[in-house]
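1. mind folding the following:
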Amino acid sequence: MSLSPLLAALFLVLAGCKGLPFFSHAPTNTSDAGQSTRTVDGAFKRARLELQEPSYDGESLRGRLLLSPLEAELRIDKRLIESIDLTVDSVVACDTGAALPYVIMDVLAPARRDEDILLLEPGFWYGKEVRILLFAEHATRQPSPQCVEAEVAYHALDVRNVARVRIRAERSSPHSPDAGVPTGGASEGPPRPESP
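-> Numbering: from 1, shown residues only. Coordinates of the predicted model:
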């Protein structure tokens with residue numbers, strides 16, 4: 001068995017538990033090219049975050065993640081690594097609102113390089129296709145829900161809790177490749193940006 005050169009993932013199925021210390025999203029000191037920086041809390045008010053064309057296959061939520069700073073520029077990792085830059089804060093059943101157990105992944109990623117960093121200014125959008133694993137039906141043999149609402153948070157390099165989005169998605173049938181529905185209205189959102 002070989003590991004992916006980009007990501008080696010180990011996951012645990014937890015009932016939305018965030019009390020474990022190794023899953024903490026607390027501010028930390030990081031080092032980037034020998035430069036020590038302090039990570040600050042953005043209180044989810046630093047950027048606009050959207051997931052365009054969301055879909056849900058019973059295990060993963062997929063779509064094009066879009067990010068745009070509101071008032072100040074943000075240093076972001078262009079790779080947008082799920083479970084490092086994106087975290088799932090909660091998953092609930094659409095019909096009852098009951099909290100659902102979901103997968104929290106711990107990912108080992110290659111060291112960040114200078115070319116992975118982008119200084120994103122207000123008024124500009126950055127977008128990337130993402131896949132966020134929520135359930136491991138194939139491993140747990142537990143059926144996943146038909147419809148979920150997930151709250152996803154984004155964390156930049158120097159700012160934790162930059163923005164969050166709540167996504168409602170129904171499980172797609174084999175004949176329906178795209179069955180996700182963003183909550184909060186039927187607006188078309190921003191124009192679809194080009195990937196770098």
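
2. ok, R79 - contacts?
-> Residues in contact with R79 (C-beta atoms under 8 Å, 6 or more residues apart in numbering) are D85, A109, R112, D116. C-beta here means a position set from N, CA and C on the backbone, and glycine is covered the same way.

3. can you pull the phi/psi pair for the first one?
-> Note on D85: backbone dihedrals following degrees, to the nearest 10 are phi -80, psi -30.

4. tell me, how many residues neighbour it?
-> Burial measure for D85: 22 neighbouring residues, criterion other C-beta atoms under 10 Å.

5. about what we covered before: out of the contacts of R79, which is most surrounded?
-> D85 leads the contacts of R79 on contacts (other C-beta under 10 Å) with 22 neighbours.

6. hmm, it is touching H155, no?
-> Yes - using C-beta atoms under 8 Å, D85 is in contact with H155, at 5.7 Å.

7. lowest pLDDT pick from the contacts of R79?
-> pLDDT is lowest at A109 among the contacts of R79; the value there is 86.

8. thought I81 was touching that residue, still the case?
-> Yes - contact criterion C-beta under 8 Å: A109 and I81 qualify, at 5.3 Å.

9. can you pull out the low-pLDDT segments for the chain?
-> The chain contains residues with pLDDT under 70 at 1-37, 174-196.

10. now the helices for the protein?
-> Secondary structure of the chain (DSSP state H): helices at 137-140.

11. neighbours of N161, just the number please.
-> A count of nearby residues for N161, using other C-beta under 10 Å, gives 21.

12. contacting residues around it?
-> Taking C-beta under 8 Å, 6+ apart, we find N161 in contact with H25, D41, G42, A43, F44, A153, H155.

13. test my guess that R46 contacts P69.
-> Yes - with contacts counted by C-beta under 8 Å, R46 reaches P69, the gap being 6.4 Å.

14. ok, so what distance separates I104 from Q52?
-> Between I104 and Q52 the computed distance is 24 Å (C-beta to C-beta, to the nearest Å).

15. out of those two, which sits in the busier spot?
-> A direct count of neighbours by other C-beta under 10 Å for I104 and Q52 places I104 higher, at 20 against 16.

16. isn't the more buried one up against S83?
-> Yes - look at I104 against S83 with C-beta under 8 Å: they come within range, at 7.4 Å.

17. overlap of the contact sets of the two?
-> With contacts defined as C-beta under 8 Å, 6+ apart, no residue is shared by I104 and S83.
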